[in-house]
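> from the sequence below, what's the structure:
(3 chains)
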Amino acid sequence: METYYAEVAVLAPLPRTLSYRLPDKDGERVAPGIRVKVPLGRRSAVGVVVALKPFAVDDEAVQRERLKAIDAVLDEMPLLPERLLEFIERASRYYVHPLGLALKTALPAGLSSLKGAPKIRQTRVYRATDSSVNLRGTLQQQILSFIVQHQPVDLTQLRDQFTSPYPVLKRLEELGVICCDEQESLRDPFVGCQVTADQPPTLNEAQQSAVHSIAEGLDGGDFKPFLLHGITGSGKTEVYLHSIAAVLAADKQALVLVPEIALTPQLVARFRARFEQQGQRIGVLHSGLSAAERYDMWRAIVRDEVTIVIGARSAVFAPLTRLGMIVVDEEHDDSYKQGEGFRYQGRDMALLRGQMEQVPVVLGSATPSLTSYRRMQQGALSEVSLPTRIGDRTLPEVRLIDMREAEVEHGLSQELIEALQLRLERGEQSLLLLNRRGFSPYLLCRDCGASFRCPNCDITLTWHRQAGALRCHYCDYVEPPQELCPRCGGAAIEPEGMGTERLAAELQERFPEARIARMDRDSTAAKGAQQQLVSRMEAGEVDILVGTQMIAKGHDFGAVTLVGILDADAALNFPDFRAAERSFSLLAQVAGRAGRGDVRGEVLVQTYAPDSPVLECAVTHDYKHFVELELPMRQLLVYPPYGYLVNLVVSGLDRPAVEGCARRLAERLMAAQDVEVLGPAPCPLFRLRNRYRVQILLKASTRAALRHMLNESPQWRSIFPATVSLAIDVDPADMM
DNA sequence: AGCACGCCGACT
DNA sequence: GTCGGCGTGCTC
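Numbering: from 1, shown residues only, chains lettered A, B, ... in the order given. From the prediction side, this is the model:
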């Protein structure tokens, strides 16, 4: 007699879990972490079992009567280990997001819909059953002994070894000396990318002491979070590698988060070079994987076949069961924050997971986020620092160029042009950072001043000349360019402003002999294009690389001696309290790209605000000074890390309805004493994807005050008609 | 998110 | 008189 029922988090925006009776078939397989197909209203949906609960004894029959039964059990074994499930539950509560949707975000795509779960690929594997038989053919003997030595052997291996082994295998099977069966196989994302094993280098004193501190944290089996503060080129990766070696030696697994792994193939290669020869398997999880590859990787991790997982933000939910350490590389990076839906912060979740699993967490950065810096000051993070560059290479010289007085050509100051010229003559490489993709940010009619705007969003359309299209960078809208101005009929439509595409084209005119390449989201959209660009750069086949902030992250181009930053002011003038922090770290990161070889690097920063203290700190490579300037400003305004924020974004198609709802919600929230309610105010992007957007910013000096307010959020629904929606952004990274 | 129920406009 | 618009509400 069944006495249990299942609590199921359906992968839909439901406010709570639902209870179901166990199915007649496969009922014994139902356990926390198993996916199930359940009836929901008049349809079916996928859900994850979060608990099995006994019926209350007194009226079991009545309760059972009320529940529907699970339709089918979808997994053989739990896809989510129990502790991971608990972790995701905590995360969903913290971010006030329905558990079902949080699970949907955590699970690999394809597992959350009823159809479309990627196929599990099978391969034939051969095993020897009887090696005593005397075989006549030499090929038969060779193949059999190969199978005996390496079994189980799959067909690909045999094909590599022998030309057309298939008929022989068939014969051997008939003779009963081998047998063949089907086995699940994983799609290997590393196919064809071999790496050669490396030798762990000798660490310098600072690195040794960092590894020592971190490894000490391992022994205790405690939650020990570290802030690894190491300037660019100081060898942080080597500290990760050595610490992880210690984790593996203790038979535990490591999880490494990077801002966007597709951007850092070099890092993955270093991990493979260090650990693969030792029989460790490295798994990668990132947006570049196909749904099938992702699914395979997830299963491989669940089955404990992988010891190191390297991945982007969502890898913080990787189903490792023997986790021994979490590393968050470039912890200051904005891309750890998911900007929509389940708006979690990967770095913060790494800390939470580390705490729940009682393992050390290492946050590494050259320019730690002010949040982490403050935590370190308060003793919540232990600082380990790497104050010098490997091999005592000097930091590059950074100079500001005052664009108010500069002679400008193609958006480049004379000084920068001369510097580029010099590198070309010397055969050295240059990087130019321009954080704006496309040819130009808009097309303008010279006669009447009209520009082309997105019909769905509140912005101008970016002109992409190569693609021959005007594109909205916020929604999917695309339109062809027009010869004549739609407003005045004039023919004087011209591109205004400078994007990477245009910069690359104009530079080519200015330096016809130079080999110029462009790296941005557009030029790296094709699979492998990114890697190819990096390879060309490393092979010295590129003289000048033009790119968006993509070029600032993770790459290690040895021969670059000049970095030019074209629009330092863009990030600085961003309407956001974190603008200064972002600018500083971006400048520091890009500057760190220069002069990693033997020649000292030079960084030229074009700006209209040369007196800005942020730029001043970047020039002197003075992180501490920057922090000392910025922290008091944050404190004064009770912004993070001194206060806590939640951004409520009210949106909908009907402008008055949105504005009305926001006003009523804000009025209702005003009553709280310990939370400051700012707004409602229109979002900087007032209209986005056809929706009007208004925000209410909540600010408090304690998390508890905000938590208290957010606990009431289910009741706010009464204010909202179904046409107006509310997004809750806990710890927002930006407020666009 | 789906999906159905329900209450107001332009059609045979 | 209906067909169907989408606003509203529920899903064990």
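
> can you name the residue of the stretch 301-450 of chain A nearest to DNA strand B?
In the stretch 301-450 of chain A, the residue found nearest to DNA strand B is residue A:341; the distance is 9.4 Å by Cβ to the nearest atom of the strand. Glycine gets a C-beta too; all of them are placed from N, C-alpha and C.

> can you report how many residues neighbour that residue?
The tally of other residues near residue A:341 (other Cβ atoms under 10 Å) stands at 14.

> please, which helix or strand holds it?
In the assignment (DSSP states H and E), residue A:341 maps to no helix and no strand.

> would you agree it is in contact with residue A:102?
No - in this structure, residue A:341 sits apart from residue A:102 without contact. The criterion is Cβ atoms under 8 Å, and the distance is 9.1 Å.

> shouldn't residue A:126 be within a helix?
No - assignment of residue A:126 by DSSP: H, G, I helix; E, B strand; the rest coil gives strand, placing it outside any helix.

> what's the domain layout of chain A?
Segmentation of chain A into domains, based on automatic domain parsing, reads A:4-106, A:122-184, A:205-391, A:394-436+A:498-632, A:644-730.

> any idea how far residue A:578 is from residue A:370?
In this structure, residue A:370 and residue A:578 are separated by 8 Å, where distance is defined by Cβ to Cβ, to the nearest Å.

> correction: the previous question concerned residue A:130.
Counting by Cβ to Cβ, the separation of residue A:130 from residue A:578 is 70 Å.

> between those two, which one's more packed in?
residue A:578 (22 against 11).

> pLDDT score for that one?
The predicted local distance difference test score for residue A:578 is 92.

> pretty sure it contacts residue A:733?
Yes - Residue A:578 sits in contact with residue A:733 when judged by Cβ under 8 Å, with a separation of 7.3 Å.

> get me the contact residues on chain A for DNA strand B.
Residues of chain A lying near DNA strand B by Cβ under 7 Å from any atom of the strand: A:12-14, A:40-43.

> helix/strand/coil for residue A:25?
Local secondary structure at residue A:25 is given as coil here, using three-state DSSP.

> from residue A:71, how far out is it?
Taking Cβ to Cβ, one finds residue A:25 at 10 Å from residue A:71.

> so which residues of the stretch 451-600 of chain A form helices?
For the stretch 451-600 of chain A, the helices identified by DSSP state H, counting those that start in this stretch occupy A:500-510, A:529-538, A:568-572, A:579-591, in order along the chain.

> alpha carbons only: can I get the shortest one in PDB?
Once side chains and other backbone atoms are set aside, the C-alpha atoms of helix A:568-572 remain, and they are given as PDB (Å, rounded to 0.1, in the frame of the first residue of the first chain):
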ATOM      1  CA  ALA A 568      36.600  55.600 -22.200                       C
ATOM      2  CA  ASP A 569      33.800  58.100 -21.400                       C
ATOM      3  CA  ALA A 570      31.000  55.800 -22.600                       C
ATOM      4  CA  ALA A 571      31.200  53.500 -19.700                       C
ATOM      5  CA  LEU A 572      31.900  56.400 -17.300                       C
END
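
> buried residues, it. List them.
Within helix A:568-572, the residues that qualify as buried by neighbour count (16 or more other Cβ atoms under 10 Å) are A:568-569, A:571-572.

> residues contacting it, please?
For helix A:568-572, the external contacting residues (Cβ atoms under 8 Å, 6 or more residues apart in numbering) are A:435-436, A:579-580, A:582-583, A:586-587, A:605-609, A:612, A:614-615.

> now do that helix: distance to the chain's middle.
Computed by Cα atoms, centre = their mean, to the nearest Å, the chain-centroid distance of helix A:568-572 equals 23 Å.

> again with the last one
Between the mean C-alpha point of helix A:579-591 and the mean C-alpha point of its chain there is a distance of 19 Å (Cα atoms, centre = their mean).

> and the next element down the chain from that helix?
Read in the C-terminal direction, the helix or strand following helix A:579-591 is strand A:602-607, with elements assigned using DSSP H and E.

> give me the mean pLDDT for that next one.
Rounded to a whole number, the mean pLDDT of strand A:602-607 is 92.

> then stretch A:675-686?
Taken as a whole, stretch A:675-686 carries a mean pLDDT of 91.

> now do the buried residues in it.
Residues of stretch A:675-686 classed as buried: A:675-677, A:679-680, A:682-683, A:686 (neighbour count, 16+ other Cβ under 10 Å).

> list the contacts of it.
A:457-459, A:474, A:575, A:638, A:649-650, A:659, A:662-663, A:665-666, A:669-670, A:692-700, A:705-706, A:709, A:735-736.

> how does it look with 6 Å?
For stretch A:675-686, the surrounding residues in contact (Cβ atoms under 6 Å, 6 or more residues apart in numbering) are A:458, A:575, A:662-663, A:666, A:669-670, A:693-700, A:705, A:709, A:736.

> what of stretch A:618-625?
Counting by Cβ under 6 Å, 6+ apart, the neighbours of stretch A:618-625 from elsewhere in the structure are A:367, A:395, A:398, A:584, A:587, A:617.

> which parts of that stretch are buried?
Judged by neighbour count using 16+ other Cβ under 10 Å, the buried positions of stretch A:618-625 are A:618-619, A:621, A:623.

> just the CA atoms of that stretch, as PDB, please.
Coordinates of the C-alpha atoms in stretch A:618-625 are reproduced here as PDB (Å, rounded to 0.1, in the frame of the first residue of the first chain):
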ATOM      1  CA  ALA A 618      43.600  53.700 -14.100                       C
ATOM      2  CA  VAL A 619      46.600  55.700 -15.200                       C
ATOM      3  CA  THR A 620      48.500  54.900 -12.000                       C
ATOM      4  CA  HIS A 621      47.200  51.300 -11.800                       C
ATOM      5  CA  ASP A 622      46.000  52.100  -8.300                       C
ATOM      6  CA  TYR A 623      43.100  49.900  -7.300                       C
ATOM      7  CA  LYS A 624      43.400  50.700  -3.700                       C
ATOM      8  CA  HIS A 625      43.200  54.400  -4.400                       C
END
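
> for residue A:69, give me its contacts.
For residue A:69, counting by Cβ under 6 Å, 6+ apart, the contacting residues are A:21, A:23.

> ok, it to DNA strand C distance?
Here residue A:69 is placed at a distance of 7 Å from DNA strand C (Cβ to the nearest atom of the strand, to the nearest Å).

> and that residue, how far from residue A:33?
In this view, residue A:69 and residue A:33 are 19 Å apart by Cβ to Cβ.

> closest to DNA strand B out of the buried residues of stretch A:675-686?
Ranking the buried residues of stretch A:675-686 by separation from DNA strand B, with Cβ to the nearest atom of the strand as the measure, puts residue A:683 on top at 19.1 Å.

> tell me how far the strand or helix carrying the closest one lies from the chain's centre.
Assigning secondary structure by DSSP H and E places residue A:683 in strand A:676-688. For strand A:676-688, the gap between its own C-alpha mean and the chain's C-alpha mean amounts to 26 Å (Cα atoms, centre = their mean).

> one more: stretch A:517-533?
The chain centroid and the centroid of stretch A:517-533 are separated by 18 Å, computed with Cα atoms, centre = their mean.

> so when I look at residue A:363, I'm seeing a strand, right?
Yes - counting by three-state DSSP, residue A:363 falls inside a strand.

> can you give me the neighbour number for it?
26.

> most neighbours, which of the contacts of helix A:568-572?
residue A:587 (28 neighbours).

> dump the residue contacts of the residue of the stretch 401-550 of chain A found nearest DNA strand B.
When you check the stretch 401-550 of chain A against DNA strand B by Cβ to the nearest atom of the strand, the closest residue turns out to be residue A:475, at 16.3 Å. Taking Cβ under 6 Å, 6+ apart as the criterion, residue A:475 is in contact with A:456-457, A:689.
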